[in-house]
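**Q** Mind looking at a prediction? Sequence and model below.
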Amino acid sequence: MEEFVIPKQPGSNYLNAEYGLKSWLLTKDHKRIALLYLGAITFFFFIGSLYAMMIRLELLTPQGDLMQSSTYNKTFTQHGIVMVFFFLIPAIPATLGNFLIPMMIGAKDLAFPRINLLSWYIYMAGGIITIYALLAGGVDTGWTFYVPYSTTFSNSYVIATGVGIFINGFSSILTGLNFIVTIHTMRAPGMTWFRMPLFVWSHYATSLIMILGTPVVAITILLVALERLAHIGIFDPAAGGDPVLFQHLFWFYSHPAVYIMVLPAMGVVSELIANFSRKNIFGYKFVAFSSLAIAVLGFLVWGHHLFVASQSVYAGMIFSFLSFTVAIPSAVKVFNWTATLHKASISYDTPMLYGLGFIGLFTIGGLTGMFLATLAVDVHVSDTYFVVAHFHYIMVGGTLLAYLGGLRYWWPKISGRMYPEGWGRFSALVVFVGFNLTFAPQFLLGYMGMPRRYHTYPVELVSWQVLHVLSTAGASILGVGLMIPLIYLVWSMRYGRIAEANPWHLPGLEWQTPSPPPTENFLTTPIVTHEAYEFAPPEHKEVVGKFERQQPAES
Amino acid sequence: MSEHIVQPRIYIMIFLALMLGTGLTVLAAFYDFPGPLNAVVALTIACLKATLVVLYFMHVRYSGRLIWLVIIAAIFWLAIMFAITFSDYWTRNWLPIS
């Protein structure tokens, strides 16, 4: 293919190509849109964290001495809604995915730049409506909007919040659509499917879930609104409906939504593990296809949320079995990451610390998910703090850690500056310690019978309070661990050391262009001639049977 | 890809067919069919109307195989949702209530 050289002003990049608010608000550059998303989701993350702080403070003592039960209901509901719909789901795809997918496949932009910008505006519209609902009086149904409470009994802003989430869903669908078309049609010459970085594979799988699942939750929320406004009867047994139908429809999306959150995180971790081990990932194709397997199987397991909701015991058996099958591709990833580390030249930079933290915490989160997929055990721990601990190990220990690691890893590319490594490592350790201290006691609390969504517990159960105090102390440490990066990343934008194009010395395409990149990403169209994680020179390779084995390079 | 030009006559015919479907739905609502047939009749008419919209108004009939693949995948996913959800409803009464 003929190389196309773009004439450039020296030193011009996507950050200084244009100036002014208008140049940001009307930009079609995927990198700038990623930064718009970064700002917005950081805002929502801090709103969600504020609610988390209130929850932890309330549970410090057995009495409800900080807030009334109705306020507490709103607090945990709003924590869940803001964190799930406005932080965790868009966190990695809309920021890192948006920024990196075109760069990783050698494209100038996403396939539909205007739709990309539209998706940010839709996200903001949904976010503003939701914030309005929270400020106007809030919502107290739990982030799950279970009927009949949400349709009949709740006196809070259910419909306004629902409208915010409904609108926000379209942002997710458009991002997914954009990624799929871009990955299919805009790969650089030589960028075959099996040369794509695993980050791109995992985003491809995520996009499939976004497109296939999100419309269902939109329809479900619409039905809740119709039921609330017009009493159409679809969830009301008195009118021939069924409240459990809501749970089926809601979880048909919301369980795969967990994979929308964690698959991109797995993509980030694959990059971190391979690149900071300086090795081709062990079993590339297995890791790539396991993303697709998780996306497909993730759609078949939603009924494990309904084991104690009067679902048929036979359907429960099927869902229990199917839930166990999702563990297989997840385990493939964990084992392959671990095998990649074997005899590798590992460097323990900040992103890698987050990556290693992810493997441990995701494994705990995943395995406790197996407890919950077991019918009999689920009866005991359903709706207890065991469940809360489990999904926070996946969402915070998994997605948040990967997001933080990825942000640090690509920060030199995004900002053109290096972050302070010492502070980076320190805050990564603080986050790890704080996280475990917050959520590990919750497994015990749940197993001992502490139900979720209650703001009081018996005074005589001293062990419960001890565990709650540990959890709140951990949350404070976690909060400090999250504030440090906010400060030093903002600091580094002005005072950080200027980053070179490829500060980690890696083969990925995104590192073969200046930091920060020019608006068009590459000065010349790249031609790809090697695999994604090609570290070893040819003399360090040996052929064993039909497999090519990579020897670690001499140090 | 060249765009297929659809004659206005086709659009008008499809529009009339959709109106007929709406009329039939309203008419059917005045009859009480035996058993679960009320829902079956209404949903059958609705599905036929949706198929006409997808095939003609959304131009799928004149589109390539990739578009067909996307539509079939979406319908397959919908079928998964219905089938597994109904696995709950069909088997709920299998165990005698003690």
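**A** That came in fine, so what should we check first?
**Q** Stretch A:420-435: how far from the chain's middle?
**A** 19 Å (CA atoms, centre = their mean, to the nearest Å).
**Q** Just the buried residues of that stretch, please?
**A** A:Pro420, A:Trp423, A:Gly424, A:Arg425, A:Phe426, A:Ser427, A:Ala428, A:Val430, A:Val431, A:Phe432, A:Gly434, A:Phe435 (16 or more other CB atoms under 10 Å in any protein chain shown). Where you see a C-beta, it was placed from the backbone N, CA and C, and this is true even at glycine.
**Q** Distance of the fifth one relative to chain B?
**A** For A:Phe426, the distance to chain B (CB to the nearest CB, to the nearest Å) stands at 46 Å.
**Q** what's the helix or strand for that residue?
**A** Per DSSP states H and E: A:Phe426 is located in helix A:421-448.
**Q** and chain B, which of its residues are near chain A?
**A** Applying CB under 8 Å from any CB of the partner chain, we find that chain B lies next to chain A at B:73-74, B:77, B:80-81, B:84-85, B:87-92, B:94-95.
**Q** If any of the residues you listed are buried, give me the PyMOL selection for them.
**A** Paste this into PyMOL to select the buried members of the residues of chain B next to chain A, with burial taken from 16+ other CB under 10 Å:
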select buried, chain B and resi 77+81+84+85+87+88+91
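**Q** In helices, which of the residues of chain B next to chain A fall?
**A** Residues of these located in helices (DSSP state H): B:Ala73, B:Ala74, B:Trp77, B:Ile80, B:Met81, B:Ile84, B:Thr85, B:Ser87, B:Asp88, B:Tyr89, B:Trp90, B:Thr91.
**Q** So which of those is the closest to B:Leu66?
**A** Distance to B:Leu66 across these (CB to CB) is lowest for B:Ala73, with 10.6 Å.
**Q** what sits against the closest one?
**A** A:Leu212 (CB atoms under 8 Å, 6 or more residues apart in numbering or on different chains).
**Q** Read off the pLDDT value for it.
**A** We have a pLDDT of 90 for B:Ala73.
**Q** and the gap between the residue nearest the centre of chain B and chain A?
**A** The residue lying closest to the centre of chain B (CA atoms, centre = their mean) is B:Cys47, at 1.9 Å. Distance check for B:Cys47 against chain A: by CB to the nearest CB, it reads 16 Å.
**Q** now do B:Glu3
**A** 19 Å.
**Q** ok, back up a step: next up, identify which helix or strand the residue nearest to the centre of chain B is on.
**A** Counting by DSSP H and E, B:Cys47 is found in helix B:37-52.
**Q** about what we covered before: Throw the buried residues of stretch A:420-435 into TSV and include pLDDT, thanks.
**A** Converted to TSV, the buried residues of stretch A:420-435 look like this (pLDDT from 0 to 100):
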residue	pLDDT
A:Pro420	96
A:Trp423	96
A:Gly424	96
A:Arg425	97
A:Phe426	97
A:Ser427	97
A:Ala428	97
A:Val430	97
A:Val431	97
A:Phe432	97
A:Gly434	97
A:Phe435	97
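**Q** out of these, which one sits closest to A:Gly80?
**A** Using CB to CB, A:Phe435 is the member of those that lies nearest A:Gly80, at 17.9 Å.
**Q** Now do the domain split for chain B, please.
**A** B:1-58, B:64-92 (automatic domain parsing).
**Q** Buried deepest among those domains, which one?
**A** Counting by mean count of other CB atoms under 10 Å in any protein chain shown, domain B:64-92 has the highest mean neighbour count of the domains of chain B, with a mean of 14.
**Q** Show me how far it is from its chain's centre.
**A** 12 Å.
**Q** mind checking the SS state of the closest residue in space to A:Phe179 that isn't next to it in sequence?
**A** Among residues not flanking A:Phe179 along the chain, A:Ser207 sits closest, at 4.2 Å (CB to CB, 6 or more residues apart in numbering or on different chains). Judged by DSSP: H, G, I helix; E, B strand; the rest coil, the three-state class of A:Ser207 is helix.
**Q** Count the neighbours of A:Ser207 for me.
**A** 28 (other CB atoms under 10 Å in any protein chain shown).
**Q** Looks like it contacts A:Ser172 (just checking).
**A** No - if you go by CB atoms under 8 Å, A:Ser207 and A:Ser172 don't touch, sitting 9.5 Å apart.
**Q** Overlap in contacts, those two.
**A** With CB under 8 Å, 6+ apart, A:Ser207 and A:Ser172 have no common neighbours.
**Q** thinking again about what came up before, now the next helix or strand after the helix holding A:Phe426: how far from the chain's centre is it?
**A** Going down the chain from helix A:421-448, the next helix or strand is helix A:462-495, by DSSP H and E. From the chain centre to the centre of helix A:462-495 is a distance of 19 Å (CA atoms, centre = their mean).
**Q** Reformat the buried residues of stretch A:420-435 as a markdown table; add distance to A:Glu58.
**A** Listed next are the buried residues of stretch A:420-435 as a markdown table, based on distance: CB to CB, whole Å:
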| residue | distance to A:Glu58 |
| --- | --- |
| A:Pro420 | 35 |
| A:Trp423 | 32 |
| A:Gly424 | 33 |
| A:Arg425 | 33 |
| A:Phe426 | 30 |
| A:Ser427 | 27 |
| A:Ala428 | 29 |
| A:Val430 | 24 |
| A:Val431 | 23 |
| A:Phe432 | 25 |
| A:Gly434 | 19 |
| A:Phe435 | 20 |
